[in-house]
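Trainee: Sequence first, predicted coordinates after that:
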Amino acid sequence: MNTLALKDETLLKLSQEDYPVEPGQPCTVDMFRPEDALGVARCFYTVYGDSYSIDTVYSPASLIEANATGNLYSVVARTPKGDVVGYCALFRSLACKFLYEQGQLVVLPSYRNEAIATQVVKYGLEVVAPRLPVHEVFGKAVCNHTISQKIGDECGFRETALEIDYIPEEAYKKEKSATGPVSALLMFRCCQDRPHDIYLPETYEDVLHFIYTGLPITRTFKKPDTGVAFHTKSRVQCHVFGFQKVARLNVEAIGSDFEETIATIEGQAGKTGSTIIQVYLPLGNPAVGDAVALLRAKGYFLGGALPRWFDQDGLLLQKIDSPPHFNSIRLYSERAGKLLEFVRTDWEKAERR
Ligand SMILES: CC(C)(COP(=O)(O)OP(=O)(O)OC[C@H]1O[C@@H](n2cnc3c(N)ncnc32)[C@H](O)[C@@H]1OP(=O)(O)O)[C@@H](O)C(=O)NCCC(=O)NCCS
């Protein structure tokens, strides 16, 4: 059976069972074991109902396989009875084998505010990450509350970008914790630096200086060339996330056909119902200035910087079909507040254009 079928089967089982996890049990933070898989599904079902966007968490066999093959490194908080009361996972990023995402953080409501989330995140960083070829870890902290941003801050992650409105309100219907779509704050933590040159597009020089000033990494800033590009063909990987209605474009090469390439992918993304397009540009490419100018002319606005996204750093630009819900973004730090100001101002400029 495939993951989707297994997910449906588990969701049916969970909807029919009456299994309250007894509150107040002690718990231990540990690597995932196969016998935790149903407890993980139960944990997500309790918090999100059937609306969590990643099918694997609802599919015990797929979760076990992903952990066995090294596609996922899951961490659980487990009670002596074997209940899973907290969970997070580390997994390799698509475009760089040294960049890992730490995500899927969840704690059962009856076990919250007891530092369980903090402990599973720390376990991921201190126990799991050192076993892997991890140079940089990032997380996407949701902005309908500030708890995971606070945990990230305490664990040494720094805010570098905002993905605006990319999680539908529907994901939070069970806990009723969002009014409108939810944005995510990207936070990065360096484990091993790789100093390299990056080209700062003129329009974003100030904000990029601001972002990089707060990061414990070494980069040499250069001015992009204009009108170069372009001895090569563009190479763009597009991933569509149906539930979020997001098309994510990883631009691996910026070529003379960049404008047509983006237009073609935008057309295809529109047909799949995507309402948000996120473009990740390589900051180590001297043509990045021209690519930014072109995207801004098409209504894209700033997201922020992404250390080691392509092994070299990336720059996020985004375009959204409807006005962003800036006022419902909740942020923990002053630095994140400043980043939001840059993003919002750039969106306003895009609107005026
Ligand atoms: C976010 C979540 C995982 C936090 O789990 P948790 O185990 O309660 O978090 P912790 O107890 O480790 O709390 C971390 C910090 O946030 C604070 N905190 C926790 N809940 C809080 C609340 N409701 N209001 C204000 N602060 C809160 C804690 O006091 C702690 O601060 P401290 O280190 O100064 O003591 C949990 O609320 C959850 O599962 N939410 C729904 C899913 C979700 O949003 N996941 C995050 C995706 S990025």
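Mentor: Perfect, thanks for sending it.

Trainee: For the ligand, give me its nearest residue in the stretch 251-353 of the chain.
Mentor: Scanning the stretch 251-353 of the chain for proximity to the ligand using CB to the nearest ligand atom identifies Y332 as nearest, at 9.2 Å. For glycine as for every other residue, the C-beta is placed from the backbone atoms N, C-alpha and C.

Trainee: Give the burial count for that residue, as a bare number.
Mentor: Y332 has 21 neighbouring residues, counting by other CB atoms under 10 Å.

Trainee: on contacts alone, who are the packing partners of the lengthiest helix in the chain?
Mentor: Taking DSSP state H as the criterion, the chain has its longest helix at helix 334-352. When contacts are defined as 3 or more CB pairs under 8 Å, 6 or more residues apart in numbering; DSSP states H and E, helix 334-352 sits against strand 158-167, helix 205-213, strand 301-310.

Trainee: Need these in a markdown table (columns: mean neighbour count).
Mentor: What follows is the helices and strands packed on helix 334-352, written out as a markdown table (neighbours: other CB atoms under 10 Å):
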| stretch | mean neighbour count |
| --- | --- |
| strand 158-167 | 25 |
| helix 205-213 | 16 |
| strand 301-310 | 25 |
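
Trainee: Format those as a markdown table; extra columns: distance to the ligand.
Mentor: Formatted as a markdown table, those follow (distance: least, CB to the nearest ligand atom, whole Å):
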| stretch | distance to the ligand |
| --- | --- |
| strand 158-167 | 9 |
| helix 205-213 | 20 |
| strand 301-310 | 17 |
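
Trainee: Mind putting these into a markdown table with mean pLDDT?
Mentor: Output for the helices and strands packed on helix 334-352, formatted as a markdown table (pLDDT from 0 to 100):
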| stretch | mean pLDDT |
| --- | --- |
| strand 158-167 | 96 |
| helix 205-213 | 98 |
| strand 301-310 | 98 |
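
Trainee: looking at these, which is closest to V137?
Mentor: strand 301-310 (9.8 Å; CB to CB).

Trainee: State the phi and psi torsions of T220.
Mentor: phi -100, psi 120 (degrees, to the nearest 10).

Trainee: Spatially nearest residue to it, not counting backbone neighbours?
Mentor: In this structure, T220 finds its nearest non-sequential neighbour in D197, 4.7 Å apart by CB to CB, 6 or more residues apart in numbering.

Trainee: Please identify the helix or strand for that neighbour.
Mentor: D197 belongs to strand 196-199 when elements are defined using DSSP states H and E.

Trainee: Around the ligand, pick out the residues from this structure.
Mentor: Contact residues, the chain versus the ligand (CB under 6 Å from any ligand atom): 47, 105-107, 112-118, 141-142, 147-148, 150-151.

Trainee: Point out where the chain drops to low pLDDT.
Mentor: Along the chain, the parts satisfying pLDDT under 70 run over 227-230.

Trainee: Assign the most centrally placed residue in it to helix, strand or coil.
Mentor: Closest residue to the average C-alpha location of the chain: K140 at 4.0 Å, with CA atoms, centre = their mean. Applying DSSP: H, G, I helix; E, B strand; the rest coil to K140 yields a three-state assignment of strand.

Trainee: Export the longest helix of the chain to CSV, keeping only CA atoms.
Mentor: Extracted C-alpha coordinates of helix 334-352, given in CSV (Å, rounded to 0.1, in the frame of the first residue of the first chain):
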residue,chain,number,x,y,z
GLU,A,334,13.1,42.6,17.4
ARG,A,335,15.3,41.3,14.6
ALA,A,336,12.3,39.4,13.2
GLY,A,337,10.2,42.6,13.5
LYS,A,338,12.7,44.5,11.5
LEU,A,339,12.9,41.8,8.8
LEU,A,340,9.1,42.0,8.5
GLU,A,341,9.3,45.8,8.0
PHE,A,342,11.7,45.2,5.1
VAL,A,343,9.4,42.6,3.6
ARG,A,344,6.3,44.6,4.0
THR,A,345,7.9,47.7,2.5
ASP,A,346,9.0,45.7,-0.5
TRP,A,347,5.5,44.3,-1.0
GLU,A,348,4.1,47.8,-0.9
LYS,A,349,6.6,48.9,-3.5
ALA,A,350,5.6,45.9,-5.6
GLU,A,351,1.9,46.8,-5.3
ARG,A,352,2.6,50.4,-6.4
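
Trainee: Pull out the buried positions in it.
Mentor: When burial is assessed from 16 or more other CB atoms under 10 Å, helix 334-352 yields the following buried residues: 335-336, 338-340, 342-344, 346-347, 350.

Trainee: Ok, stretch 216-224 next?
Mentor: For stretch 216-224, by 16+ other CB under 10 Å, it's 217, 219, 224.

Trainee: surely V106 meets G86?
Mentor: Yes. Look at V106 against G86 with CB atoms under 8 Å: they come within range, at 7.0 Å.

Trainee: Report the set of residues contacting both of these two.
Mentor: Taking CB atoms under 8 Å, 6 or more residues apart in numbering as the contact rule, V106 and G86 both touch C43.

Trainee: Neighbour count for those two, which is higher?
Mentor: G86 (26 against 21).

Trainee: tell me which element the residue lying closest to Y111 once chain neighbours are set aside falls in.
Mentor: Counting by CB to CB, 6+ apart, V85 is the residue found nearest to Y111 once chain neighbours are left out, at 4.3 Å. In this structure, V85 sits in strand 84-92 according to DSSP H and E.
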